[in-house]
Structure formats: structure tokens, C-alpha cells
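Colleague: sequence and predicted model, in that order:
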Amino acid sequence: MNALWTRPAARWLLSAACAIVAALGVVMFSASGADDGLEMGDLPLKLVADIPLGGRPTRLDYASLDPHRHLLFIAHLGDGEVVAFDTRVARVIARIPDVASVHGVLALPELSRVYASATGSNEIVAIDEATLKITARMPGGRYPDGMAYAPDAHKLYASDETGETETVIDIRSNTRIATIPLGGEVGNTQYDPVSRHIFVNVQSRQQLVEIDPANDRIVARIDLPGARGNHGLLIEPQQRLAFIACEGNDKLLVLDMRTMRVKSSFDVGRDPDVLAFDPQLQLLYIAGETGIVSMFKADAGNVSKIGDGRIGPNAHVVAVDDSTHRAYFPLRNVQGQATLRIMAPQG
């Protein structure tokens, strides 16, 4: 220990800092990873804070950020709740109950609304961001999971994983208006603002399916050579790239959306799931079930791997705030608590 911390003034400052942190609801743990599964490896990240999320140390799933309200919404699957976390004051401001086995969560800032997929009741649930109360429930298929929003069509698209379909919701009336058969087990769903089309992983067919929201018809099936269990999906519109995480063989596929061909493939941590991208720093995060996070640099269409590191137990979800460049990792159990681990790029 540095001798500086033996001085009375330094001890007083440390106590004051701890009091401030406690007031914000933040629990800071050592960045050494000795007790919390943090092993940075090649990742150019630093630990900012570990913050208890409340509830039980049960499984957490997707997260979605509303940057205007500075609210991060987290699916606490095991507790059947959506957690609302204020990124400015670094604390939980609400836990929204009665969202059974919640998997997907999607914030729509332009509507001041959040949608969540309640797999336990096979519903899509609408939440008002102002009141943080549930305002509507609608059928979501047999196993609703990931979601995407097509703003021009005013439609929400939800992956029905085991039902092998895509559920279409009219968000103006909060009613289900279509069910699109996809012919295989469904992975994540994303909206491409350039083509204004919806793209869906069909993981049992090693395909990416393209849907036109104007008529809810499939317009293309793109084969994905080298894919096994293509579940995770993220579209980077500026570089015209789609990033596809394959949980069956621990691969990242990079799809050129101009040619609709796989241009490269990389090894990633075991059981990759959720992806997030920081467009200003051009950093791609891929979070895996075993706690390994892989990072990549994507610059002018060229993708290169930075490295791998262990972020924490079950670190399979990541969300990025591109205004602060902080990365948020909901973790099921850190020292007995469901925890939000906040990281920041070095330098």
C-alpha cells in the first residue's frame, strides 16, 4: 500500500469519497478481478464501477439505452422485471415488474416508450418511459426474444425463436398485425436504416433473412458460409456491415451489405450473444455466455480484432453509450448480487 494513504488527510478524503459513492448507490470493487471474475487480457478497458441492480442474483438479458433520457433498460429475466438505470447518477430508479421471463428490451426514444418481450407469458409489453409503467400487452408468439423497430412503417418486429416466425406489431395501436414464417429457429432481429428493411437471423438454416416492412414479405435469404447458430446480430449502417455472432462455433462473421457476402470471419469467446458498437471510436464489443468479451476495430469497412478478456460471470450482454463511450455489462452474480459492471476504453 502506498504510504500516502497512511496520512490523516488522505484517510479523510477516502472516507468522504466512499460516502459519496454510497450515496449514489455505487459499489466500487477492485479492478484486479481477484473476487469478481475480471481478467482484462488484451482488452483496452478499465473498470469504472460495479453497481448493484437489486433483486436476486438471477439471469439478466438484453439491455437498451435511451440516450436522451440517460436511461438504460435491462431485462432481469430471472426476476421477471425490467430495470431502469439512470446513467447520470449511476443508480437504479425503477424496477418494472410483471414481465415474465423477460428476454428482449428495446427503447424507442422518439416515442418515449420501451418494449419488452415477456417469454414467460408469450407477450410483447409496452412501457411508458415517463411513468415507467406498463401500458399495453400484445401477443408475441411462442418464444419472443429480440426486437427491432421500423420507424417509417410504425412497426415493431419480434423474433419468435422456437415458433420459427417473426411477430409484427403496429405500435400505433399496440396490436399484432402479422406473423411471418421464417422456416427455422430464429435469432436476433435488426433494422437497417439505409435499406429500411428488417434483417433476421434464421440460425438453424445458417441464413440472414431480409424483410420489407412495406408489405411484410421476405425479399431475400442470404446464406452465411461458416455460420453455426447465427444468433447475435448488429448492423453498422455507415460502413454497410452486418456483424453476426455464431454461438454454435464461436465465430464472428462480417457481412458486406453491399454485396450480401461474408467478407471475413474471426474467433471469439465461447457462446457469443449480444453485440454493441461505438461509432465514434469504431469499437465493436461481442459479449459471451462464459464471460469472455471480444473487441474489434471497424474502420472504413476494415475489421480487425483487438483482443479478448474476461469481463465477469455470464457477461453475455453489452450496451454502449456513444456519448460517454462507456460500456455496460449486466452480470448475474458478483459477490452475491446482480450487478451492472461499467467499463471505459483506456486512453
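Modeller: Cool, got the structure.

Colleague: only C-alpha atoms for contact and neighbour calcs from this point on.
Modeller: Will do.

Colleague: any low-confidence regions in the stretch 101-250 of the chain?
Modeller: Along the stretch 101-250 of the chain, no part satisfies pLDDT under 70.

Colleague: quick one: the strands in it, in order.
Modeller: Under the criterion DSSP state E, counting those that start in this stretch, the stretch 101-250 of the chain carries strands at the ranges 102-108, 113-118, 123-128, 133-139, 144-150, 155-160, 165-170, 175-181, 186-192, 197-202, 207-212, 217-223, 230-236, 241-246.

Colleague: closest to residue 73 out of those?
Modeller: Residue 73 lies closest to strand 102-108 among the strands of the stretch 101-250 of the chain, at 7.0 Å (C-alpha to C-alpha).

Colleague: that closest one pairs with which strands?
Modeller: strand 113-118 (antiparallel) (DSSP bridges).

Colleague: quick one: contacts of the partner strand?
Modeller: The contact list for strand 113-118 (C-alpha atoms under 8 Å, 6 or more residues apart in numbering) reads 75, 80, 82, 99-108, 123-129, 140, 144-147, 158.

Colleague: those, buried ones only, as a PyMOL selection?
Modeller: Restricted to buried positions by 16 or more other C-alpha atoms under 10 Å, the PyMOL selection for the contacts of strand 113-118 reads:
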select buried, resi 75+80+82+99+100+101+102+103+104+105+106+107+108+123+124+125+126+127+129+140+144+145+146+147+158
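
Colleague: if we can go back for a sec, turn the strands of the stretch 101-250 of the chain into CSV, columns for distance to residue 309.
Modeller: Below are those laid out as CSV (distance: least, C-alpha to C-alpha, whole Å):
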stretch, distance to residue 309
strand 102-108, 25
strand 113-118, 30
strand 123-128, 34
strand 133-139, 37
strand 144-150, 25
strand 155-160, 30
strand 165-170, 34
strand 175-181, 38
strand 186-192, 24
strand 197-202, 26
strand 207-212, 29
strand 217-223, 31
strand 230-236, 19
strand 241-246, 17
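
Colleague: closest one to residue 325 among those?
Modeller: Nearest to residue 325 among those is strand 230-236; the distance by C-alpha to C-alpha comes to 16.5 Å.

Colleague: kindly format the C-alpha coordinates of the closest one as PDB.
Modeller: Provided in PDB are the C-alpha atoms of strand 230-236 (Å, rounded to 0.1, in the frame of the first residue of the first chain):
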ATOM      1  CA  ASN A 230     -26.000 -17.400 -36.100                       C
ATOM      2  CA  HIS A 231     -27.900 -15.800 -33.200                       C
ATOM      3  CA  GLY A 232     -26.400 -12.300 -32.400                       C
ATOM      4  CA  LEU A 233     -26.800  -9.600 -35.000                       C
ATOM      5  CA  LEU A 234     -25.800  -5.900 -35.300                       C
ATOM      6  CA  ILE A 235     -25.900  -3.700 -38.300                       C
ATOM      7  CA  GLU A 236     -23.400  -0.800 -38.700                       C
END
